[in-house]
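Participant: I need the structure of the sequence given here:
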Amino acid sequence: MDNGRIVEKTLENEKTIEKLKLENDFQSDLSPEQLEENNRRHEEIRKDYINTQVELNNQEKINPELKKLLRESDLPNPLIINERNDRISHLIAPDNEKQFEQNLMWMTQQGTEKDFLLILKLQKNCPYPISNKLSYFFKKALEKCKPSFSSFKQIKKHHNDLLKEYRSYQDEKNSQELQSKIENFVHQIETAGLYLYEENERFAAQSLLNYWITRLYRMGYDELDITLAEYDPSLAPELTEQDYPYVGLKPFTENDNQHFYGRETLINESITRLKESSLLAITGSAKIGKSSLVFAGILPKLKTGAIEGSDNWYYYPTITPGNKPLEHLAQIIKPDANEGWIQQQVAEFKTNPQHFCQSISNAHSDRPVVLVIDRFEELFTLCFDREERQAFVENLVKFIEASNTQHFLIFTICSDFIWKIDQIRNEKFQELLSKSQVKVDFLKDSELKEVIEKPAESIGLKFDRGLVDTLVKDFSGELDALPLLQFTLLKLWESRERDRVTWDSYKQLGIGGGRLALSNSAKKFYESLSDIEQKTCRLILLRLVRSTQGFKPMNPQVKRQELYQLATPEISISNIEEVLDRLVSENLVCKSSGKLESDDRFEIARESLIRHWSDLRDWMNQDRENLLQRLRLIDRSEEWQEKGKDKSLLLKGSVLEAYKNLKCLSTLEQEFIDSSIQEENC
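Facilitator: Next up, the predicted model:
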């Protein structure tokens, strides 16, 4: 047999095997007679392969021209073709399980991308029970033959690269290399169909596939009838809980900055303000995202050099004023200080407004310092000592006015309390504040879309077509848009299908879609509680809710110890702790940890929960008088504190009797009641 005939015979056998491979869906519908005939033909071809290989080996030994032809030509080595097709033929129509196993094992080492569809189909229609060994071989074979492309973006990029190369050829018909690249790409697009879910992407991919098939036809290939493989959801990546790209109802932290989107304009505006002033006040309504802007947006930018040298500034840990702001200021200077040293610093702060600045300068004389104060409104809602408030602000003003080194103060404050800053008698602070405010407002629709899509893209999470637009519509113009959207995304994530959020997931949110996801979740949680747990839950939530005279709901923080006062003979402290923990785990209540567990503070997660959860609104209406009574007590106790605990402001007679039996009072409220009782008994 001459050289040309050997190659021709080998390629002829290859075509026969391919025909048998495709025949009748791997012979699943063949009659016993047809199956026997096909097996006979397979065996004949296999023997022919062996004879051809022997002949070829002999010819190679005595004919160096043939050896050179196989080495240098664009034709694949017939020996490799023979073995490959022999293996495939015995995978498609194996004589026995052992033979099937051996050939599958061969695929784990020698399989190519073109074999992926075959192996996948064999796995789903395996002629033998899939043992642990077979399962392992299938897994390894699929990994070995893994497709090059799993997204339309990858296909489009390769298409553009190949198109440039194609256009650079003068005579594409005579370029075996180019033809081989195009043929490979056609099969790669075909296989990539397994990963393409969206109709528009599948249509575009099929269009590219048709384009390159046409190019091959013009190069002299037979007309190919190839379509995209059907989408296979089992091949979609299985995203784990560790991949979760959103934050839920928790504020963003610096560690979340890679997933913080939608506030680029505000971040840039804030950086610009800091270039012009040492003070930056981030204002906005409650829960709109002020803290998140600072921690996940502004600080990471500064720490990476957004302002010249800012990557070398010293950044102190964030503080909140709390009920003793001067103590918190002292702890900035020396975090591990004892109580005696802290009280000494508090006394210094009150008599020397320069004391904080001097202490900071002594520690960091060579570089600027950044101090961040979150919830600046606590200076008015938790601290009722006017002298302490005044000293706190005066020390901060001297800090940012430092002459030797420029220091920076960044704080967040709820817009509802901006007017109270007028109570601080410091013209310099008022002047700085007037030109240093950046207001956090509603997210625009384009920003909402970015908040949804950008973190998802970072981990390969996909949304069904039109779902993102629906979510944007749900939250457009919503006061709590960012946190509510984050909660909704958490629920959608929990019901995702591998790497995709589907319309079925959205429907599980219930009536009202994303906008009511939090309240629907709260209702579902409440209904899952036992009778005693429901009573406990209701008491806790009502204690966390506070109203103004106009009955606008607000949500202050309440200490754990105060919530324990809700205990009754029927409801134990253990009941309170258990329900409280569950409310936190369900993201309906937020916890701020204190130094001690008893100092932990709790608050309603979102104001929208009060607005949209009908059960809670009903409870508030039923308990309206008690809520208003509490409000009056809060107002009177705060006024008493602010006016130096003036005895004339204490409760008397029937008014005192009405307040004496109230439970779950704050430290100030309890002191006010006790002082009133003591004065009444004198």
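Participant: Show me what whatever helix or strand Leu628 lives in is packed up against.
Facilitator: Using DSSP states H and E, Leu628 sits within helix 624-642. Applying 3 or more CB pairs under 8 Å, 6 or more residues apart in numbering; DSSP states H and E, one finds that helix 624-642 contacts strand 546-547, helix 653-660, helix 667-681. All C-beta atoms are positioned from the backbone trio N, CA, C, and that covers glycine.
Participant: deepest of these, which one?
Facilitator: Scoring the helices and strands packed on helix 624-642 by mean neighbour count under mean count of other CB atoms under 10 Å gives strand 546-547 as the most buried, with a mean of 18.
Participant: pLDDT averaged over that strand - what is it?
Facilitator: Averaged over strand 546-547, pLDDT sits at 53.
Participant: going forward, begin numbering at 36 instead of 1
Facilitator: Will do, 36 is the new start, and the previous item becomes strand 581-582.
Participant: Okay, now the unreliable bits of the protein?
Facilitator: Scanning the chain for pLDDT under 70 picks out the ranges 36-118, 205-209, 438-439, 581-591, 698-699.
Participant: domains in it, as residue ranges please.
Facilitator: Domains of the chain are assigned by automatic domain parsing as 38-179, 187-270, 298-474, 480-549, 550-656, 658-717.
Participant: Can you tell me which of those is nearest to Thr288?
Facilitator: Closest approach to Thr288 among the domains of the chain is made by domain 298-474 (5.3 Å; CB to CB).
Participant: now do the same end-to-end measure for that closest one.
Facilitator: Terminal residues of domain 298-474 are spaced 12 Å apart (CA to CA, to the nearest Å).
Participant: Could you tell me how far it lies from the centre of the chain?
Facilitator: 30 Å (CA atoms, centre = their mean, to the nearest Å).
Participant: can you pull the buried residues of stretch 212-223?
Facilitator: If you call a residue buried by 16 or more other CB atoms under 10 Å, then stretch 212-223 has these buried ones: Leu213, Gln214, Lys216, Ile217, Glu218, Phe220, Val221, His222, Gln223.
Participant: what about the first one, which helix or strand?
Facilitator: It refers to Leu213. Using DSSP H and E, the element containing Leu213 is helix 211-227.
Participant: What are the boundaries of the strands in the chain?
Facilitator: For the chain, the strands defined by DSSP state E cover 314-319, 349-350, 404-408, 443-449, 472-474, 497-498, 535-536, 581-582, 588-589, 593-594, 624-627, 636-639.
Participant: partners of the second one, with directions?
Facilitator: Neighbouring strands of strand 349-350 in its sheet, by DSSP bridges, are strand 404-408 (parallel).
Participant: residues near Leu274, how many?
Facilitator: Leu274: 17 surrounding residues under other CB atoms under 10 Å.
Participant: any idea how far it lies from Ile354?
Facilitator: Distance, Leu274 to Ile354, using CB to CB, to the nearest Å: 37 Å.
Participant: cool, Ser242 as well?
Facilitator: Applying CB to CB, the value for Ser242 to Ile354 is 59 Å.
Participant: Out of the two, name the residue with the larger neighbour count.
Facilitator: Per other CB under 10 Å, whichever of Ser242 and Ile354 has more neighbours is Ile354, with 17 against 9.
Participant: Name the nearest residue to the more buried one, sequence neighbours excluded.
Facilitator: Nearest in space to Ile354, with sequence neighbours left out and distances taken as CB to CB, 6 or more residues apart in numbering, is His363 at 4.7 Å.
Participant: Over to Leu417?
Facilitator: Asn358 (4.3 Å).
Participant: list the buried ones in stretch 565-578?
Facilitator: Of the residues in stretch 565-578, those buried (16+ other CB under 10 Å) are Glu568, Lys570, Thr571, Cys572, Arg573, Leu574, Ile575, Leu576, Leu577, Arg578.
Participant: Send me it as CSV with only the CA atoms.
Facilitator: C-alpha atoms of stretch 565-578 as CSV (Å, rounded to 0.1, in the frame of the first residue of the first chain):
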residue,chain,number,x,y,z
SER,A,565,-45.2,30.5,68.9
ASP,A,566,-47.9,32.4,70.9
ILE,A,567,-45.5,33.5,73.6
GLU,A,568,-42.8,34.4,71.1
GLN,A,569,-45.3,36.6,69.2
LYS,A,570,-46.2,38.4,72.4
THR,A,571,-42.5,38.9,73.1
CYS,A,572,-41.8,40.1,69.6
ARG,A,573,-44.6,42.6,69.7
LEU,A,574,-43.3,44.1,73.0
ILE,A,575,-39.8,44.4,71.7
LEU,A,576,-40.8,46.0,68.4
LEU,A,577,-43.1,48.5,70.2
ARG,A,578,-40.3,49.4,72.6
